[in-house]
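**Q** Sequence and predicted structure are below.
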Amino acid sequence: MWVQRALRIEAPLRGVHPTTREVLGTLPDLARTRIGMLNVFIRRTSAALSRIGDARPGVRRDLDAWPDDAVREDSPYWTHVVEGPDDIPAHVKAVIVGRSPLIPVSAGRPALGTWQGIYLLEHRDHGSARDVMLTAWGEAA
Amino acid sequence: MWVQRALRIEAPLRGVHPTTREVLGTLPDLARTRIGMLNVFIRRTSAALSRIGDARPGVRRDLDAWPDDAVREDSPYWTHVVEGPDDIPAHVKAVIVGRSPLIPVSAGRPALGTWQGIYLLEHRDHGSARDVMLTAWGEAA
Amino acid sequence: MWVQRALRIEAPLRGVHPTTREVLGTLPDLARTRIGMLNVFIRRTSAALSRIGDARPGVRRDLDAWPDDAVREDSPYWTHVVEGPDDIPAHVKAVIVGRSPLIPVSAGRPALGTWQGIYLLEHRDHGSARDVMLTAWGEAA
């Protein structure tokens, strides 16, 4: 059983955005999977997807604070600055904290822990629409 | 061929712990796979799994030293500190160094390099049990 | 449909190297896949593979500059220094910026974004040959 669907997330603001609901809403067929896997793949590299653990605003703010502090927009060693000071740091942050989440599916649902979710991490000040490719495969129930 | 099994790792101490043996012991069916994939997914986000390269204690200590130095528990920008100073830094470290290892399977065995293994990275001082979901799929031999 | 092939990349220089062409050239069967997945797994852990976003030399240089700055070869806390000062930092960098890229396949082609590619990140000064295991699975067209 294979399903593949595109999901577009319109121009998110800089920050951490929950997207589990959008992902699952795009893949209703997941409910018929006994055992399987779900991959969430972002087709840009200045934003990222991650599987993180807590939707409370303080936690989300903190998860964004570290990359902003560790990958500084004013570092003297950047050479590719033509698209603005947030451009290359956004790519580097996406490499460090980004994943293409791969999530096991059990009995029709993603086997996420209680506090886990899928989040879009937007590191550009004015990001464009983010295209995500969802692929699920498995054994039908 | 699909197999899915839960694995619980009881309250690991803070540090880097080899877990390849526990993972493979939980999935005896892997031996019958000609080509396949194995995913090791942790259902908490203040600890992480990673595929790293050397079991010698010095290497393991060093792999833990960098995140401890780079993600400081006393950073002034943390806001979510209610569960102790190791809480949010543990989540951030898990995002940076954590993976849900996805490992190719060849002729019944994970195709890891000579020095590679699966490790649990526990970043909390007093972590609870860590629940791991193992999923393997492939073509039978 | 399962395909698995080994790819050896001979002694790359320290730096960021495009490898999309080598990967796809090793897997001609991908063209017959309607929906599927492609995993690119490196069997060493002092180098890494990543899916990054831009082949221009400036961008590639910048993507290498941050890990070199953040994971310093002269940090006082390294204990495993027997193989040279670039050894343990290379392992740590590979953990931070490395992935085993997992890429959706659509209509016979990897569903990468316009600017995305697969890159080898070599962090050793004198790395040896890097062995990569390619695994693709999916539904035939």
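**A** Yep, that arrived. The structure displayed is predicted, hence computed values, not measured ones. Numbers count the residues shown, from 1 in each chain, chains lettered A, B, ... in the order given.

**Q** State the helix or strand in which A:Arg128 lies.
**A** Small correction: residue A:128 is Ser, not Arg. Using DSSP states H and E, no element contains A:Ser128; it sits outside every helix and strand.

**Q** quick one, what contacts it?
**A** Counting by Cβ atoms under 8 Å, 6 or more residues apart in numbering or on different chains, A:Ser128 touches A:Ala11. Any C-beta I mention is one placed from the backbone N, CA and C, and that applies to glycine too.

**Q** Is there contact, residue-wise, from the least confident helix or strand in chain A by mean pLDDT to chain C?
**A** Least confident helix or strand, chain A: strand A:47-52 with a mean of 82, by mean pLDDT, DSSP states H and E. No: against chain C, strand A:47-52 shows no contacts by Cβ under 8 Å from any Cβ of the partner chain, the least distance being 10.1 Å.

**Q** List the contacts of the residue nearest the centre of chain A.
**A** For chain A, the residue nearest the mean C-alpha position is A:Leu49 (1.5 Å; Cα atoms, centre = their mean). By Cβ under 8 Å, 6+ apart, the contact set of A:Leu49 is A:19, A:40-42, A:98-101, A:118-121, A:132.

**Q** again with A:Ser75
**A** Taking Cβ under 8 Å, 6+ apart, we find A:Ser75 in contact with A:89, C:65-66, C:69.

**Q** for chain B, what are the nearby residues on chain A?
**A** Within reach of chain B by Cβ under 8 Å from any Cβ, chain A has these residues: A:34-37, A:50-54, A:56, A:58-59, A:61-63, A:65-66, A:69-70, A:96-97, A:99, A:101-104, A:106, A:111-113, A:115-116, A:138-139.

**Q** mind listing what's buried in stretch A:134-141?
**A** A:134-138 (16 or more other Cβ atoms under 10 Å in any protein chain shown).

**Q** one step back: any of the residues of chain A next to chain B buried? List them.
**A** Buried by 16+ other Cβ under 10 Å: A:35-37, A:50-54, A:59, A:61-63, A:65-66, A:70, A:96-97, A:99, A:101-104, A:106, A:111-113, A:115-116, A:138, out of the residues of chain A next to chain B.

**Q** quick revisit: within reach of chain C, which of the buried residues of stretch A:134-141 are there?
**A** Restricting the buried residues of stretch A:134-141 to contacts with chain C (Cβ under 8 Å from any Cβ) yields A:135, A:137.

**Q** I'd like the buried residues of stretch A:134-141 as TSV, with distance to B:Tyr77, secondary structure and pLDDT appended.
**A** Listed next are these as TSV, based on distance: Cβ to Cβ, whole Å; DSSP: H, G, I helix; E, B strand; the rest coil; pLDDT from 0 to 100:
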residue	distance to B:Tyr77	secondary structure	pLDDT
A:Leu134	33	strand	97
A:Thr135	36	strand	98
A:Ala136	37	strand	98
A:Trp137	40	strand	98
A:Gly138	41	strand	97
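
**Q** Which one of the buried residues of stretch A:134-141 is nearest to chain C?
**A** A:Thr135 (4.5 Å; Cβ to the nearest Cβ).

**Q** Tell me the buried residues within the contacts of A:Leu49.
**A** By neighbour count, with 16+ other Cβ under 10 Å, the contacts of A:Leu49 hold A:19, A:40-42, A:98-101, A:118-121, A:132 as buried.

**Q** which one in the residues you listed is the model shakiest on?
**A** Lowest pLDDT within those is found at A:Arg99 (77).

**Q** wait, that residue sits on A:Ile42?
**A** No: the pair A:Arg99 and A:Ile42 fails to qualify as a contact (Cβ atoms under 8 Å) at a distance of 9.3 Å.

**Q** Mutual contacts of these two, please.
**A** With Cβ under 8 Å, 6+ apart, A:Arg99 and A:Ile42 have common neighbours A:48-49.

**Q** how close does the residue in chain A that chain C sits nearest to sit to C:Ser106?
**A** As assessed by Cβ to the nearest Cβ, chain C sits closest to A:Thr45 within chain A, at 2.9 Å. Counting by Cβ to Cβ, to the nearest Å, the separation of A:Thr45 from C:Ser106 is 18 Å.
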